[in-house]
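Student: predicted coordinates and the sequence they were generated for:
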Amino acid sequence: MDDSINIAILGNCTTDYITKALVQACGNYHIAAEIYNCPYRQYNQEIINPGSGFYKSAPELTILFLEGKNLFPEWFEFKTIMNSREQKLSSVQSILESLISLAEEIHKNSGTKILVNNFKIPHFSPLGILDNKYFPGLRDMISLLNYQLSEWAADKDYVYIFDYHAFSAYYGEANLEDAKMLYMTKTTISLKYTTALAREYMKYILPLKYRAKKCLVLDLDNTLWGGIAGEDGISGVKLDITDSGRSFYDFQKEILNLYYKGVILAINSKNNVEDAMNIIENHPHMLLKKEYFSVMKINWQDKAKNLTEIAEELNISTDSIIFFDDSIVERELVKSLLPEVMVVDVPVDTSKYSDTIRNLIEFEYLKLTAEDLSRNVMYTANKKRDEAQKKFSTVEEYLNSLQTKVILEFSNDFTIPRIAQLTQKTNQFNLTTKRYTQEEITRFHQSPDYIVASVQVTDIYGDNGITGVCIVKLEGDSAFIDTFLLSCRIMGRDVEFAFLSKVVELLRAQGVKTVDALYRKTERNQTTADFYMKAGFSVVSANESETSYRLDESAQPGGIEQIETIVKGEIPLWTKNS
Amino acid sequence: MDEKFVNLIASTLEIPADDLKYDSTTETVPQWTSLSHWEIIEALEAQYGIEFTMDEATEFKNLGELYEILQRKLS
């Protein structure tokens, strides 16, 4: 197992089977799950008591699994639906408030993320066809509750609403229920579907454990269109909005949705460039035009090699890639040569392509930051940068032409979510690889002993957004760099030196003398091993896994001539110690 | 009890088939819990394409009797 997670399940029904299925589902992703299964119906006491087994289990994720039939059984009675509108609305309100207070109590006592199941809207009402004539009927009451629950949770980072109703509708209420089991074991979901439910929960667990994927690599022939570019040509390939070619058009639409969500797209295809590009650029129903792809590998070399190059060009690791190719031969080749790449089991029937993409659980993110939403614009700008690079004879000449600006800013409410996200996602240029939650960053932000700074990098091609973080711990007249990282998007441009130089300069201005720093080796960050050395620090001690550095009182790491460094906003945190 | 039946129960409980006898009960087979019992019922229903009533699924003395109930339903 590469990873582990503590999960707690609090339910008002038997949740043992869900626990078992969830351990298995996590195991499939090499995550060892330790699950605290709250004793049946004791969730209230467990939540109220800070010393309960629930809190002792130190959950990272808490699933509040409450069944409507057990939480508000009277709603399922004829006489309740016949109550006045006011009475029914106040009943919805009181259930909503009790749920909110449970979640808030948990949040008060624990840093866990909370996943609250919403409620199945049943097919059956005791009022039958008249259910909504007595508005709000049973189904309307539950819809209202679900709606208000979502509305309440929308702006809270610690709570997510799992749409149990949508899950139930997808698989079918009639299939989910097993009356025998319900009566004998108080289990409200049949065994067959507990596995499906566990998979839904994985959509939250994967990003929580930083396992979400970043990039979708696609084949062309019989993947983005039907037929072969080199044989069928632009007028012969299947891709339209009416006949069977519609399945490819719809498939592209789903991929476009992923693109806008921040997933990076790339092509890996065996084709003549001219044949393929003719379709990509000129086919009237081709939705995924050239500009949506950050990298295009259209050539005759093996696809594993192409994938490695795509990862290199994007500065991401191959284990954050999902590969979609209709050819089983290519898929098997990639699986055997690059086992860390996730290869989709593409169905033979192309009408199932869209569903296959929609059913992936690896492109779920717990938060979409402004950077995510514009990432693809940035990668496209990166591509222009790379093309420009080829026009200059030396790298220096090129870097000069970029007119890079590094804008340093101290943490504030707007930057904290992105700072936390960067500590969680950055692997390569990350000196200590310490992962912090938004709550932890907020604590640093408020503490007089810590300084949290981020950098935004701009150049003639655009704004890269917030792409670097530095967290410094102050200890009297010395300082320790707890975290120093840079998004892979802007590596290779000496931004790190400009950033560090400015940080040290600002520290010195406040009377800090020595600056200590640490490099902690991981599998991914070895390119940064000599960063502090290059910046003028000296080694204090070193072993297999760590190197400690110090910058003496007299030394100042040099800035980078062609990079302008600006401090944005006030420096409120800086002077709080003095 | 036939091999197919015994093997299905054994694999559901994750124990060797030899551990299961006609007179095995939830007392003599520790892995046969109230929870795993429903996995057995579901496995049998899926495998044989039958459906137990709640009484059939709960009121039997030992494994052999569950087997007899299944045979009756199949005939």
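Tutor: Okay, I see it. Numbers count the residues shown, from 1 in each chain, chains lettered A, B, ... in the order given.

Student: how close does A:Cys215 get to chain B?
Tutor: 39 Å (Cβ to the nearest Cβ, to the nearest Å). For the C-beta atoms, the positions are set from N, CA and C on the backbone; glycine is no exception.

Student: apart from its chain neighbours, what residue comes closest to that residue?
Tutor: In this structure, A:Cys215 finds its nearest non-sequential neighbour in A:Ile264, 4.2 Å apart by Cβ to Cβ, 6 or more residues apart in numbering or on different chains.

Student: next, give phi and psi for the one you found.
Tutor: phi -80, psi 140 (degrees, to the nearest 10).

Student: next: A:Ala517.
Tutor: Backbone torsions of A:Ala517, given as degrees, to the nearest 10, read phi -150, psi 160.

Student: what count of nearby residues applies to it?
Tutor: Neighbour count of A:Ala517, defined by other Cβ atoms under 10 Å in any protein chain shown: 23.

Student: surely it is in contact with A:Leu431?
Tutor: Yes. The pair A:Ala517 and A:Leu431 qualifies as a contact (Cβ atoms under 8 Å) at a distance of 7.2 Å.

Student: max-length helix in chain B?
Tutor: Longest helix in chain B, counting residues (DSSP state H): helix B:34-48.

Student: any idea how many residues pack against the nearest residue to A:Phe119 once chain neighbours are set aside?
Tutor: In this structure, A:Phe119 finds its nearest non-sequential neighbour in A:Gly68, 4.0 Å apart by Cβ to Cβ, 6+ apart. Using other Cβ under 10 Å, A:Gly68 is surrounded by 25 other residues.

Student: which residues touch A:Gly68?
Tutor: A:75, A:119-120, A:122, A:142 (Cβ atoms under 8 Å, 6 or more residues apart in numbering or on different chains).

Student: residues from chain A in reach of chain B?
Tutor: Neighbours of chain B within chain A, by Cβ under 8 Å from any Cβ of the partner chain: A:16-17, A:179-181, A:183-185, A:187, A:190-192.

Student: now with 6 Å, please.
Tutor: A:16, A:180-181, A:185, A:191 (Cβ under 6 Å from any Cβ of the partner chain).

Student: for PyMOL, write a command that selects the buried ones of those.
Tutor: Buried residues among the residues of chain A next to chain B (16 or more other Cβ atoms under 10 Å in any protein chain shown), as a PyMOL selection:
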select buried, chain A and resi 16+180+181+185+191
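
Student: name the nearest of the residues of chain A next to chain B relative to A:Gly468.
Tutor: A:Asp16 (46.5 Å; Cβ to Cβ).

Student: which pLDDT value goes with that closest one?
Tutor: Looking at A:Asp16, its pLDDT stands at 91.

Student: packing partners of the longest helix of chain B?
Tutor: Judged by 3 or more Cβ pairs under 6 Å, 6 or more residues apart in numbering or on different chains; DSSP states H and E, the packing partners of helix B:34-48 are helix B:3-13.

Student: please list the outside residues in contact with the helix it packs on.
Tutor: Helix B:3-13 is contacted from outside by B:17, B:20, B:31-32, B:36, B:39-40, B:43, B:47, B:67, using Cβ atoms under 6 Å, 6 or more residues apart in numbering or on different chains.

Student: returning to that earlier point: what's the farthest-apart pair in the residues of chain A next to chain B?
Tutor: A:Asp16 and A:Lys180 (16.2 Å).

Student: sorry, back to before: which of the contacts of A:Gly68 fall within helices?
Tutor: A:Ile142.

Student: ok, the contacts of helix B:3-13 vs A:Phe497, which is closest?
Tutor: Among the contacts of helix B:3-13, B:Glu39 lies closest to A:Phe497 (Cβ to Cβ), at 60.4 Å.

Student: picking that back up, what residues are shared contacts of A:Ala517 and A:Leu431?
Tutor: By Cβ under 6 Å, 6+ apart, A:Ala517 and A:Leu431 have no common neighbours.

Student: turn the contacts of helix B:3-13 into CSV, including neighbour count.
Tutor: Formatted as CSV, the contacts of helix B:3-13 follow (neighbours: other Cβ atoms under 10 Å in any protein chain shown):
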residue, neighbour count
B:Ala17, 14
B:Leu20, 20
B:Gln31, 12
B:Trp32, 21
B:Ser36, 17
B:Glu39, 16
B:Ile40, 17
B:Ala43, 16
B:Gln47, 13
B:Tyr67, 18
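
Student: how many other residues sit next to A:Ala370?
Tutor: Using other Cβ under 10 Å: A:Ala370 sits among 12 other residues.

Student: not counting sequence-adjacent ones, nearest residue to it?
Tutor: Sequence neighbours aside, A:Gly465 is the residue nearest to A:Ala370 in space, at 6.8 Å (criterion: Cβ to Cβ, 6+ apart).

Student: wait, isn't that neighbour in contact with A:Glu371?
Tutor: Yes. Counting by Cβ atoms under 6 Å, A:Gly465 does reach A:Glu371; the two are 4.2 Å apart.

Student: quick check, pLDDT for the residue nearest to A:Ala370.
Tutor: A:Gly465 is assigned 84 on the pLDDT scale.

Student: who's sitting farthest from the centroid in chain A?
Tutor: No residue in chain A sits farther from the centre than A:Lys79, which is 46.0 Å out by Cα atoms, centre = their mean.

Student: that residue: which element?
Tutor: Taking DSSP states H and E as the criterion, A:Lys79 maps to helix A:78-81.

Student: could you say what helices and strands that helix packs with?
Tutor: Partner elements for helix A:78-81 (3+ Cβ pairs under 6 Å, 6+ apart): none found.

Student: distance from the chain centre to it, please.
Tutor: Averaging C-alpha positions (Cα atoms, centre = their mean, to the nearest Å) puts helix A:78-81 44 Å from its chain's average.

Student: residues in contact with it: which ones?
Tutor: With contacts defined as Cβ under 6 Å, 6+ apart, helix A:78-81 is touched by A:74, A:126-127, A:134, A:137-138.
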